[in-house]
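Q: no FASTA, just this:
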């Protein structure tokens, strides 16, 4: 079995399309229920959107959930986005 692309722990996964870009990821039930996605994918999607401030509110909610889950600040995330 293949591990979850977000938590890299759970092995029981399904493929889901992401709501914020044209990409599919293999996620466990926990991650998809909590709207958690691979960090690299969020960084890439936000960079393509022109930065966090350019994102719609529904996408910012997803980003914020993921940052909270990773104990990461928005400033740290923005730095990664601009360095991408």
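A: Received the coordinates, thanks. Just so you know, these numbers come straight off a predicted model, no measurement behind them. Numbering: from 1, shown residues only.
Q: so, low pLDDT: which residues of this protein?
A: The chain contains residues with pLDDT under 70 at 1, 84.
Q: out of everything not next to it in sequence, what's closest to the spatially most central residue of it?
A: With distances taken as CA atoms, centre = their mean, the residue of the chain nearest its centroid is residue 37 (3.4 Å). Distances taken as CB to CB, 6 or more residues apart in numbering put residue 6 closest to residue 37, at 5.7 Å, once the chain neighbours are dropped. For the C-beta atoms, the positions are set from N, CA and C on the backbone; glycine is no exception.
Q: give me the phi and psi angles of that neighbour.
A: Torsion angles at residue 6 (phi, psi; degrees, to the nearest 10) stand at phi -100, psi -60.
Q: now swap in the one 3 residues further on and tell me
A: With angles defined as degrees, to the nearest 10, residue 9 sits at phi -120, psi -60.
Q: check the one 4 residues further on too.
A: When read as degrees, to the nearest 10, the backbone of residue 13 gives phi -130, psi 170.
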